[in-house]
Each structure stands twice: as C-alpha cells, then as structure tokens.
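Student: Could you look at this predicted model? Sequence included:
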Amino acid sequence: MTQQLLGKIAYITGGSRGIGRAIALAFAEAGADVAICHLGDAEQAATLVQAVTARGRRGFQREADAASPAALRGFAAAEAALGPCDILVNNAGINLRGPFESITEEVYDRVIDVHLKGMFFMAQAVYPGMVARGAGRIINIASQLAFKGGPEITPYCAAKAGIIGFTRALAWEAAPKGIQVNAIAPGPIETDLTRARGPDWKRRMEETILAGRLGRPEEIAATALLLAGPGGAFYVGATLSPNGGDVMH
C-alpha cells in the first residue's frame, strides 16, 4: 500500500505548513504528484516542492489567497504543469479571535471567505473534470470545534460547521458521478499556529484531551491518505475526527 496513490494528482490548498504540508508529503510518499497553494509563504512552499521531488514525484506551488475564487482558478497553472486534479484537499484556513460582540464584518467575512467561499469554488473548479473522468476525491478539512464550539471563535466554529454541511450536501450530487466527498475534523494539533498559543494553552489542552497530548500533523495526513486511497472507497459524506478523545460522536 505504499504506492496506493501512484499516478494520481493531488491539489492541496494551504499546503506549505502544518497539516497541509504533512498531507502533501504523505501523498507524495504514496505516489501522487502534488500541487499546493499558499499565501505569503514562498520559502516554505519551495522547500515543500523540493521534498516532494526528493520522493520521486512532481511538485508545484503557487501563491493564492484562498478567499479569492479568481486566485484559486490559478490552479489552472497546476493542471498545465501536472495534469488534472484527481484528489482535492481543501485545507486552507484562518482563525481570527475575539469576543462575539467585538467581531467586525471585516473579520467575519475574512474567516468565512477563506473557509467556505474558497473551499466551495475550489471544489467547483475541479469538479467538472472529475465528473468527465467519472472519478475523484474531495477532502475538506473541518475541525472538532464544529461540534463542541469554543469561546471567542464564533466565526471559525460557524465556518467549520459549514464545511461539514457542504461536504454532506455535495456528496449527494457527487457520489452518483463517481466522486467521493468527505471531511476531516481534527482535534488540537501541534503546528506553528497552535505553538503560538503558548505553553499554558498547550498544558490545558493536554489535561483535557483523553489521549493526554496534542495530535501531530502526520496523524491527520494518515486520515487524509485513507480517504484519498483505495481504503476509503466506502466513505461518502463522512466526517472523520482524529481528535484524541476531545470530542466523541
């Protein structure tokens, strides 16, 4: 099963760091060529492409704001470089925090646009090609916070819950056409973003998570690999939640 994605082409939004980067590397290890987009992270994106090519696969990176459908259509360049998309991972995200009463329309729009608008139109961009070929996988990254909520992150929780709703709705249309649409709702993961929350936050999380630790990006990548590969053939409209017992559902 080490080459279970051999010959496949994967597009990953927000793929230069964290969970997206881990997914890109796992897919390359499994035989896929990988294209990523990023926002203002050219150095890390370049090292990601180098790591993909070091694994014997083709890599591609492009700067694009996930909130802008016009920018995401720039993935046409990825198609020109690698070929049409077999696997789409909508991973790009942002979390702007603040008390509910302080959330401005600008903040709300930014969070919703990055998560929902960008995801919607990125999926729409690759969907016709998948329909024409009668096959494809779309994997949307949600969060366990869609289920449990949390303080001072109302736009983020709303957006992540919307991703799960979108996943289920699109699955109804896509499955008869040979396209499987699923989501992953990770728990707290050790990334640059969570490390910025500081040691006190990490300690509180570790005290409440039944696994006793934060997750690793590679553990979320393993879930994505399952959904992208032959072992995920019977998942339709599902939301898998590797979260160390933070939320049980």
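Tutor: Everything's here; your move.
Student: Could you report the pLDDT at the residue nearest to L145 when sequence neighbours are not counted?
Tutor: Nearest non-adjacent residue to L145, counting by CB to CB, 6 or more residues apart in numbering: C157, 5.1 Å away. In this view, the C-beta of every residue, glycine as well, is placed from N, C-alpha and C. Reported pLDDT at C157 in the predicted model: 96.
Student: Next, the residue sitting furthest away from the middle of the chain: phi, psi?
Tutor: Taking CA atoms, centre = their mean, the residue of the chain most remote from its mean C-alpha position is E101, at 29.1 Å. The phi/psi pair for E101 (degrees, to the nearest 10) reads phi -70, psi -10.
Student: What of I36?
Tutor: Dihedral angles (degrees, to the nearest 10) for I36: phi -130, psi 160.
Student: Now do the residue nearest to it when sequence neighbours are not counted against F27, distance only.
Tutor: Leaving aside its chain neighbours, I36 sits nearest to G15 (2.9 Å; criterion: CB to CB, 6+ apart). Distance of G15 to F27, computed by CB to CB, to the nearest Å: 10 Å.
Student: So which residues of this protein form strands?
Tutor: Using DSSP state E, the strands found in the chain span residues 9-13, 33-38, 59-63, 87-90, 136-141, 179-184, 239-240.
Student: which residues touch P217?
Tutor: 18-19, 21-23, 189-191 (CB atoms under 8 Å, 6 or more residues apart in numbering).
Student: farthest pair in these?
Tutor: I23 and E190 (15.2 Å; CB to CB).
Student: For those two, indicate the residue with more neighbours.
Tutor: Legend: neighbour count by other CB atoms under 10 Å for I23 and E190, higher for I23 (31 against 16).
Student: hang on, isn't I112 packed against C157?
Tutor: No: using CB atoms under 8 Å, I112 is not in contact with C157; the gap is 11.4 Å.
Student: So, low pLDDT: which residues of this structure?
Tutor: Low-confidence segments of the chain (pLDDT under 70): 1, 71-74.
Student: can you do 80?
Tutor: 1-2, 69-75, 191-198, 201, 249 (pLDDT under 80).
Student: hey, where'd the helices end up in it?
Tutor: 18-29, 42-54, 69-72, 76-81, 105-112, 118-133, 145-148, 154-174, 192-195, 199-208, 217-228 (DSSP state H).
Student: Most tightly packed of these?
Tutor: helix 18-29 (a mean of 25; mean count of other CB atoms under 10 Å).
Student: chain center to that one: distance?
Tutor: 10 Å (CA atoms, centre = their mean, to the nearest Å).
Student: Overlap of the contact sets of G15 and F27?
Tutor: V34.
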